[in-house]
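S.K.: just need the structure, nothing else, for what follows:
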Amino acid sequence: TVLLSGKNNRQLFVPRHFAHGFLVLQPETTIIYSCDNYYKKSAEVTLHYKDAKVAIDWPVVSGDYILSAKDKLGLDFETIVEKLYGK
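M.R.: Below you'll find the predicted structure:
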């Protein structure tokens, strides 16, 4: 994980095809990101944030995480590998 804030002024480069996610820790937060190509919904794949194989150590927040509909329906890692590579 990498903490990005207005105080540390860090940025993060995420290479093409690299899984990534965001967790906002403060209210009224704005995330700005750039892409190297036009958005194509059919190319998008969502990894479930609680996937056991990837085992992301998400920070603990007060209350429940607020997830988008897309994130709630995220796929497990093995299903994504099968979908993308047929393995």
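
S.K.: which residues touch the residue nearest the centre of the chain?
M.R.: With distances taken as C-alpha atoms, centre = their mean, the residue of the chain nearest its centroid is Gly21 (1.7 Å). The neighbours of Gly21, taking C-beta atoms under 8 Å, 6 or more residues apart in numbering as the test, are Leu47, Tyr49, Ile56. No exception for glycine: its C-beta is placed from N, CA and C like everyone else's.

S.K.: what about Leu84, distance to Gly21?
M.R.: 18 Å (C-beta to C-beta, to the nearest Å).

S.K.: re earlier: now rank the contacts of Gly21 by neighbours and give me the top one.
M.R.: If you count neighbours using other C-beta atoms under 10 Å, the busiest of those is Leu47, which has 19 neighbours.

S.K.: circling back: which one of the contacts of Gly21 is nearest Asp71?
M.R.: Asp71 lies nearest to Tyr49 out of these, by C-beta to C-beta, at 6.0 Å.

S.K.: that closest one and Lys40, how far apart?
M.R.: Distance from Tyr49 to Lys40, counting by C-beta to C-beta: 22 Å.

S.K.: Gly74 too?
M.R.: Taking C-beta to C-beta, one finds Gly74 at 18 Å from Lys40.

S.K.: more neighbours: the two, which one.
M.R.: The neighbour count for Gly74 versus Lys40, taken as other C-beta under 10 Å, is higher for Gly74 (18 against 7).

S.K.: so the more buried one makes contact with Ile56?
M.R.: No - between Gly74 and Ile56 there is no contact under C-beta atoms under 8 Å: 11.6 Å.

S.K.: return every residue with contacts to both of these two.
M.R.: Tyr49.

S.K.: pull the longest helix from the protein.
M.R.: Taking DSSP state H as the criterion, the chain has its longest helix at helix 77-85.

S.K.: which residues sit against that helix?
M.R.: Val45, Leu47, Asp51, Lys53, Val54, Leu75, Lys87.
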